[in-house]
Every structure is written in structure tokens, then in C-alpha cells.
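1. missing the sequence, but the structure's below:
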């Protein structure tokens, strides 16, 4: 029997998986996790990450067409442009048979939710992105919404276009507190159907 590995997603992986080797399409019944637009990427986008201070939202998942957990970690790490040296911290993995062990920075509460979800799926393991929060000035401090709105308003040209696209194309089910503020204050409402 093959080792069955899934990948959790809540942001651009859903609408722009690129080279991620999927065995089918994304499903909308992933675990409910605390997700928020709490990370300013190096290119200026404000991206979704697991954030213990956030409200829980229903995530997405897909089965991967890989032969091993190590291959799944590598494929997700490459898709997310994470340096291999950082995969142990920023590419989380979790086994059904040993749910509290593995890689990544997720807290025990998140790991328990994923473990419970895994028990109901025909999967042996799951991988996920585990990037930390980061403000516009760097550092791992969680930015507040006002800081992020100021940052997004300061962007120009292609950087602003990329930031707006990421927020608008995030799955509609990812209804976070910050997203609702971005919609109200910037007018960046979700694009239907991922277009």
C-alpha cells in the first residue's frame, strides 16, 4: 500500500499551485485552523499564515503525487521558495501515527486539530507551510491591521498589483478579520472563481 500524503493550503497554493505535484484537485474540507494575513513577504505582499491569535477558518487540502514524506516536504518547500536549510522550521509535517512529532513551528493546539482531522481522512501524513508572522520592517512580531493597511497603501506599481491579487484571489472561505478590513478600507473584495 502506498504512503498517502496530503498538503494543507489556505492561500496562493489553492489558486496557483505551480509545480506542486497534486493527485487531483483541492478539497474544501481541510481542518479549521487559525489563519490570518499576518506576514509581509519580501516582495511586499501580505500573506496568509497560521497565526495562533487569529480566528479559525476552514482550510483546503490536496493529496500529493509523491513517494515519500521527504519528497512532499521538498516539493512544498520549493513551491514556497523556502531555502532547504529552513525546511525543518518552515515546512511542517505531521504523521497520523505520531501526530505530536514532526517538523514545523505549529503550536500543540494546531497539531491536535490536524491530528483529529487526519483521523477522518485516508491519509498517512500531511505537510503544510509554517512560515511565521512578520511585519513590513522584518522581525517575527505579528503586525496589526492598521500597520498592514498603511503598508499596502504605500505600495506602488507591480508590487501593489501583486499584493492586491494575493488578497483578492485568496479562497473566499478564508474570511479573516484582517481580510474584512482590507475589503472595507481598500476595496479589495474576493474575485469569484479564482479569476
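-> That came through fine. It should be emphasised that the depicted structure is a prediction, and the values quoted were computed from it without experimental measurement.

2. tell me which residues of the worst-scoring helix or strand of the chain on mean pLDDT are tucked away?
-> Ranked by mean pLDDT, DSSP states H and E, the helix or strand of the chain with the weakest confidence is helix 108-119, at a mean of 91. Within helix 108-119, the residues that qualify as buried are 110-111, 113-115, 117-118, counting by 16 or more other Cβ atoms under 10 Å. For every residue, glycine as well, the C-beta is placed using N, CA and C.

3. quickly run through the sheet partners of the very next helix or strand once past it, with directions.
-> Sequence-wise, the next helix or strand downstream of helix 108-119 (DSSP states H and E) is strand 125-129. Partner strands and pairing direction for strand 125-129 (DSSP bridges) are strand 5-9 (parallel), strand 91-95 (antiparallel).

4. helix 108-119 and the last one, what's the angle between them?
-> Same thing as strand 91-95. 50 degrees (axes from the mean of the first three to the mean of the last three Cα atoms, to 10 degrees).

5. does residue 33 lie in a helix or a strand, and which?
-> With DSSP H and E as the criterion, residue 33 is inside strand 32-40.

6. helices or strands up against that strand?
-> strand 46-50, strand 56-58, helix 108-119, helix 145-154, helix 177-186 (3 or more Cβ pairs under 8 Å, 6 or more residues apart in numbering; DSSP states H and E).

7. residue 2 is nearest to which of these?
-> Ranking these by distance to residue 2, with Cβ to Cβ as the measure, places helix 108-119 first at 16.3 Å.

8. who are the packing partners of the closest one?
-> Helix 108-119 packs on strand 32-40, strand 91-95, strand 125-129, going by 3+ Cβ pairs under 8 Å, 6+ apart.

9. and it with strand 46-50, angle?
-> Interaxial angle, helix 108-119 versus strand 46-50 (the same axes, to 10 degrees): 80 degrees.

10. so what's residue 94 up against?
-> Counting by Cβ atoms under 8 Å, 6 or more residues apart in numbering, residue 94 touches 102, 104, 111, 114-115, 118, 125-128.

11. residue 64 too?
-> Contacts of residue 64 by Cβ under 8 Å, 6+ apart are 5-7, 20-23, 72, 75, 127.

12. good, we can wrap up now.
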